[in-house]
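>>> With the input below, show me the fold.
(one chain, ligands or ions: 2)
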Amino acid sequence: MSSASPLPLTPASVDAWAPGSWRTRPALQLPHYPDAAALAAAQDELRNLPPLVTSWEILALKRQLAEAQDGERFLLQGGDCAESFAECNSSVISNRLKVLLQMSLVLVHGLKLPVVRVGRFAGQYAKPRSADTETIDGVTLPCYRGDMVNAPAFTEAARIPDPRRMVRAHARSAMTMNFVRALIDGGFADLHHPEYWDLAWVGHAPLAHEYQRMVGAIGDAVRFMETLAGGQVHNINRVDFYTSHEALLLPYEETQTRQVPRQDGWFNLSTHYPWIGMRTAALDGAHLEYFRGIRNPIAVKVGPSVAPDQLLRLIDVLNPDDEPGRLAFIHRMSAGSIATKLPPLLDAVKRDGRRILWICDPMHGNTESTSNGYKTRRFDNIRSELEQAFDLHAAAGTRLGGVHLELTGENVTECLGGARELTELDLKRAYRTTVDPRLNYEQALEIAMLIVRKRGQISA
Ligand code: PEP
Ligand code: CO
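Ligands and ions are numbered 1, 2, ... in the order given. Sure thing, here's the model as predicted:
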């Protein structure tokens, strides 16, 4: 054997990890903060603030996600594309919670499975963008990257990244969490009172009747169980709710990465379930380096350009020990390309015997612009991608364990179609998103009912 053969390259996974080791790798989609001293001061402040979640909640979620991998639960993950500081208010937060609770009720009832509920909230304030700058009338400014980084107005003052915004985002995330926890602890999610979750403006929604029928049937079942048990059935008035966001802004995430007593390793305590966006999932990139070292369950968005061997190498780095519940892939292909792009990925992971939770995001591959200038998504494309996802998993012998949706409890008109058949002319009526178009209440509920129908067909 020749002694001159080259040494194998060191895989990232054997190098020492630290909360800041991502700085040694190429970092995409991060803002440039012009004032380094202000950045350091904001980070020092953030490092000392109390965490937003606890390690035992994170580990409980990981166990639930492991059950979802095994088909014993279904994951519902949803919320805004981007939260905004201005909409951190009582009605937006409680309406979003109501829609998610109603959808989870439809899923539990229809699938006969417990549901893992994860919000895209309490930290979803940083956004990846396709360009670093934007030019209007000869003026070039940094792009808007989410309220945690800068502000949307097209002025220099608004667009220069401001590190104090990370401190404000942490505070608003804490207020959001506090309100959600208080609502749930106070009985808001009590199955005896699903009327608490009704949205005032829904009125004569086309699907309201079907939903009310389901609520009636569940109420009967709860009363029946209580009659049998001779009292209140425990746990029926309590649900778990977990938080998630795209952990894009690593200077922030690093400050929330902590060690805790009686646990090994490091946790990101800003959220239960961080994910890596499609644009920052490079194998040698800063985001992978950061994520491999935290103990939270994590997810990676997978788009149509990802090759099967790339996916296997992502698993090598992010879940080398094949830990249950640790890693999910959120595929977001588009209705047109899922049938060709997804099966090779499913086959490769299955052939290798890797443990993955598969989640379908039917939103992000299906974004388009209308002739009147709105960024929108057609309900039919969202439905089609989701239905195909169930069929493709069934054909591959893998399991679709959850969905990832952008939705709101507000009566918006951002996605076309659905039960009320929204048209391009309807979009201007209530188009409120600052980034991507969201399902409104009716469209979200329709998706929940569709999941029940489709999964029923697959397992029949
Ligand atoms: C998002 O989830 O808002 C997002 C930007 O998704 P993706 O990374 O899949 O494009
Ligand atoms: Co989005």
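>>> all strands in this structure, in order from the N-terminus.
74-79, 115-120, 133-136, 139-142, 242-246, 257-258, 267-268, 273-276, 298-302, 327-331, 357-360, 367-369, 375-377, 400-406 (DSSP state E).
>>> Mind exporting the C-alpha coordinates of the fourth one to PDB?
To tie it back to what came earlier, the one meant is strand 139-142. Below are the C-alpha coordinates for strand 139-142, written out as PDB (Å, rounded to 0.1, in the frame of the first residue of the first chain):
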ATOM      1  CA  VAL A 139     -31.900  53.900  -4.100                       C
ATOM      2  CA  THR A 140     -30.400  50.600  -2.900                       C
ATOM      3  CA  LEU A 141     -31.000  49.500   0.700                       C
ATOM      4  CA  PRO A 142     -30.700  46.100   2.600                       C
END
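>>> Name the residues of it that are buried.
Neighbour counts over strand 139-142 (16 or more other C-beta atoms under 10 Å) mark 141-142 as buried. Where C-beta positions appear, they are placed from N, C-alpha and C, glycine not excepted.
>>> Restricting to C-alpha, output the helix-or-strand element of the chain with minimal mean pLDDT in PDB.
Lowest by mean pLDDT, DSSP states H and E among the helices and strands of the chain is helix 208-229, with a mean of 74. Provided in PDB are the C-alpha atoms of helix 208-229 (Å, rounded to 0.1, in the frame of the first residue of the first chain):
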ATOM      1  CA  ALA A 208     -68.700  25.500  10.000                       C
ATOM      2  CA  HIS A 209     -71.600  23.100   9.900                       C
ATOM      3  CA  GLU A 210     -69.400  20.000   9.400                       C
ATOM      4  CA  TYR A 211     -67.100  21.300  12.200                       C
ATOM      5  CA  GLN A 212     -70.000  21.900  14.600                       C
ATOM      6  CA  ARG A 213     -71.300  18.400  14.000                       C
ATOM      7  CA  MET A 214     -67.900  17.000  14.900                       C
ATOM      8  CA  VAL A 215     -67.800  19.100  18.100                       C
ATOM      9  CA  GLY A 216     -71.200  17.800  19.000                       C
ATOM     10  CA  ALA A 217     -70.100  14.200  18.600                       C
ATOM     11  CA  ILE A 218     -67.000  14.800  20.600                       C
ATOM     12  CA  GLY A 219     -69.000  16.500  23.400                       C
ATOM     13  CA  ASP A 220     -71.200  13.400  23.500                       C
ATOM     14  CA  ALA A 221     -68.200  11.100  23.700                       C
ATOM     15  CA  VAL A 222     -66.600  13.200  26.500                       C
ATOM     16  CA  ARG A 223     -69.900  13.100  28.500                       C
ATOM     17  CA  PHE A 224     -70.200   9.400  27.900                       C
ATOM     18  CA  MET A 225     -66.700   8.700  29.200                       C
ATOM     19  CA  GLU A 226     -67.400  10.900  32.200                       C
ATOM     20  CA  THR A 227     -70.600   9.000  33.000                       C
ATOM     21  CA  LEU A 228     -68.600   5.800  32.800                       C
ATOM     22  CA  ALA A 229     -65.800   7.100  34.900                       C
END
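>>> Mind listing what's buried along that helix?
208, 211, 214-215, 218, 222.
>>> hmm, back to that, would you tell me which of the strands of the chain gets closest to residue 186?
Between residue 186 and those, the tightest spacing by C-beta to C-beta is seen for strand 115-120, at 16.9 Å.
>>> For the strands of the chain, please prepare TSV with the additional fields mean pLDDT.
Rendered in TSV, the data for the strands of the chain read as follows (pLDDT from 0 to 100):
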stretch	mean pLDDT
strand 74-79	98
strand 115-120	96
strand 133-136	94
strand 139-142	96
strand 242-246	98
strand 257-258	98
strand 267-268	98
strand 273-276	98
strand 298-302	98
strand 327-331	98
strand 357-360	98
strand 367-369	95
strand 375-377	95
strand 400-406	98
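>>> Out of the buried residues of helix 208-229, the closest to ligand 1 would be?
Closest to ligand 1 out of those is residue 211 (26.7 Å), distances taken as C-beta to the nearest ligand atom.
>>> can you pull the contacts of the closest residue to residue 290 other than its chain neighbours?
Once flanking residues are discounted, residue 290 sits nearest to residue 22: 4.1 Å by C-beta to C-beta, 6 or more residues apart in numbering. Neighbour list for residue 22: 250, 254, 286-287, 289-290 [criterion: C-beta atoms under 8 Å, 6 or more residues apart in numbering].
>>> Neighbours of the closest residue to ligand 1 within the stretch 51-200 of the chain, how many?
Nearest to ligand 1 in the stretch 51-200 of the chain, going by C-beta to the nearest ligand atom, is residue 81, at a distance of 4.8 Å. The burial count assigned to residue 81 is 22, neighbours taken as other C-beta atoms under 10 Å.
>>> Residue numbers of this protein in contact with ligand 2?
81, 436 (C-beta under 5 Å from the ion).
>>> Could you tell me which residues of the chain lie near ligand 1?
Applying C-beta under 6 Å from any ligand atom, one finds that the chain approaches ligand 1 through 81, 128, 246, 277-279, 301, 332, 364, 436.
>>> The same query, at a cut-off of 5 Å, please.
81, 277-278, 301, 332, 364 (C-beta under 5 Å from any ligand atom).
>>> In helices, which of these appear?
Of these, none are assigned to helices by DSSP state H.
>>> okay, how far is it across stretch 395-414, tip to tip?
Its first and final residues considered, stretch 395-414 spans 33 Å by C-alpha to C-alpha, to the nearest Å.
>>> chain center to it, what's the gap?
Averaged C-alpha coordinates place stretch 395-414 at 10 Å from its chain's average position (C-alpha atoms, centre = their mean, to the nearest Å).
>>> Show me which parts of it are buried, residue by residue.
By neighbour count with 16+ other C-beta under 10 Å, stretch 395-414 contains the buried residues 396, 398-414.
>>> With stretch 371-386 instead?
Neighbour counts over stretch 371-386 (16+ other C-beta under 10 Å) mark 374, 376-379, 381-386 as buried.
>>> Closest one to residue 73 out of these, please.
Using C-beta to C-beta, the buried residues of stretch 371-386 come closest to residue 73 at residue 386, 18.1 Å.
>>> wait, the closest one sits on residue 362?
Yes - contact criterion C-beta atoms under 8 Å: residue 386 and residue 362 qualify, at 4.4 Å.
>>> tell me, what's touching these two both at once?
In terms of C-beta under 8 Å, 6+ apart, residue 386 and residue 362 are both contacted by the residues residue 403.
>>> For residue 130, see how far away whichever residue of the chain sits closest to ligand 1 is.
The minimum distance from the chain to ligand 1, using C-beta to the nearest ligand atom, falls at residue 277 (3.2 Å). Computed with C-beta to C-beta, to the nearest Å, the distance linking residue 277 and residue 130 is 12 Å.
>>> Many thanks, we can stop here.
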